[in-house]
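**Student:** sequence plus the predicted model coming up.
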Amino acid sequence: MQDAIDKAAALVEAHKYIRRFEGKTVVVKVGGSIMDEPATLDSLIQDICFMDAVGMRPVLVHGGGKGITEAMKQAGLEAQFVQGRRYTDERTLAIAEHVLVRDINAGIVKRIRELEHKSMGLNSLGSCVTFARRLFLEGDAGRRVDIGYVGEIESINGELVQALVDAQHIPVIAPIARDPSGGKLNVNADSVAGHVAAAVGAEKLVLVSDTHGIRLSEDVNDLASHLTKAQIEELVSKGIISAGMLPKVEASFIALEGGVAKTHIIDGRIPHSLLLEVYTEKGIGTEIVL
């Protein structure tokens, strides 16, 4: 009986948020080890379908997880890094595209449809909505460092994404972009999500990964539930925010400066973390505002 009462109470708490976000677009980016845990990823997809069912308009952007690295190993390729970034030659790009588009993107779309929701994959082998230019790093004496077929986002076809959302489809976007000459570039999925959120005027951007959120110190329990852009910049300058968290805060800034009200960084390994962050008062990760 108590379990049933608790569920009813949760629904009552969620009700006001369901009403508040009805018809609003939320961009969800999934990455990290979540991509390598089928049960966790499936649970997240079900939560996204729930959001769709109660009137929110989700857009899903995904990364690749360890699948790309494993596929490269099977092809006899060893990952090379330049200034901490993976060098991407033609063979590496072809493998990344196969894993991201034919395996992950197609699999997510298939699962959403199995759950009786409408979905369409937006990727480099079909309707591509991400456009980028080659990314060069800065070397000694101002020299440009070539890291291969890696890009930085130049524009998003927000009209196509919005048209699908308006038609009550869940767009699923893979992070392979087109360049001005029609070629393809591997781009950071966090960055894609930030630009997509800005392009469609999303209410929220939620970055789902394998981290609880942003810490205020080295203490793993020192989690910030709410931060401003200025506070985050101070944490970056102190070196508290670094490495893998940097692309996430950069994506958050892109979204916020593009008009998105709030961004969130949450741990997808926690059951229903996406719903807990969106539909409860306390939330579960780090909320970021300007």
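**Tutor:** Looks like it arrived, so ask away.
**Student:** model confidence for residue 49, exactly?
**Tutor:** Predicted confidence (pLDDT) at residue 49: the value is 97.
**Student:** need the next SSE after the strand or helix carrying it, C-terminal direction.
**Tutor:** For residue 49, the host element (DSSP states H and E) is helix 38-53. Once the chain leaves helix 38-53, the next helix or strand it forms, by DSSP H and E, is strand 57-62.
**Student:** could you pull out the strands for the protein?
**Tutor:** Under the criterion DSSP state E, strands of the chain are mapped to 25-30, 57-62, 81-82, 85-86, 119-122, 130-138, 144-156, 170-173, 176-178, 184-186, 204-209, 226-228, 262-267, 286-289.
**Student:** for the fourth one, packing partners?
**Tutor:** Right, strand 85-86. strand 144-156 (3 or more Cβ pairs under 8 Å, 6 or more residues apart in numbering; DSSP states H and E). (C-beta placed from N, C-alpha, C; glycine too.)
**Student:** likewise for the second one?
**Tutor:** Counting contacts by 3+ Cβ pairs under 8 Å, 6+ apart, strand 57-62 is packed against strand 25-30, helix 38-53, helix 158-166, strand 170-173, helix 189-199.
**Student:** my read: residue 86 touches residue 80, true?
**Tutor:** Yes: judged on Cβ atoms under 8 Å, residue 86 makes contact with residue 80 at a distance of 7.3 Å.
**Student:** these two: which is more packed in?
**Tutor:** Shown here are residue 86 and residue 80; by other Cβ atoms under 10 Å, residue 86 has more neighbours (17 against 13).
**Student:** contacts only, for that one.
**Tutor:** 79, 80, 92, 147, 150 (Cβ atoms under 8 Å, 6 or more residues apart in numbering).
**Student:** pull out the buried residues from those.
**Tutor:** Among these, those scoring as buried are 92, 147, 150 (criterion: 16 or more other Cβ atoms under 10 Å).
**Student:** and of these, the nearest to residue 248?
**Tutor:** residue 150 (18.1 Å; Cβ to Cβ).
**Student:** wait, what's in contact with that closest one?
**Tutor:** So residue 150 contacts 85, 86, 88, 134, 135, 185, 186, 187 (Cβ under 8 Å, 6+ apart).
**Student:** cool, and residue 97?
**Tutor:** So residue 97 contacts 124, 125, 176, 184, 186 (Cβ under 8 Å, 6+ apart).
**Student:** could you check how far it is from residue 218?
**Tutor:** Going from residue 97 to residue 218 by Cβ to Cβ, to the nearest Å gives 38 Å.
**Student:** repeat that for residue 175.
**Tutor:** Distance from residue 175 to residue 218, by Cβ to Cβ: 31 Å.
**Student:** those two: which is more packed in?
**Tutor:** Comparing residue 175 with residue 218 by other Cβ under 10 Å, the one with more neighbours is residue 175, at 29 against 7.
**Student:** doesn't residue 61 make contact with that one?
**Tutor:** Yes: at 7.1 Å, residue 175 counts as touching residue 61 under the criterion of Cβ under 8 Å.
**Student:** report the set of residues contacting both of the two.
**Tutor:** Joint contacts of residue 175 and residue 61 (Cβ under 8 Å, 6+ apart) are 189, 192.
**Student:** wait, residue 265 sits on residue 248?
**Tutor:** Yes: if you go by Cβ under 8 Å, residue 265 and residue 248 touch, sitting 5.6 Å apart.
**Student:** okay, now the unreliable bits of the stretch 101-250 of the chain?
**Tutor:** Within the stretch 101-250 of the chain, no range satisfies pLDDT under 70.
**Student:** repeat that with 90
**Tutor:** 137-143, 209-212, 215-223, 238-240, 242-244 (pLDDT under 90).
**Student:** so residue 56 makes contact with residue 21?
**Tutor:** Yes: contact criterion Cβ under 8 Å: residue 56 and residue 21 qualify, at 5.0 Å.
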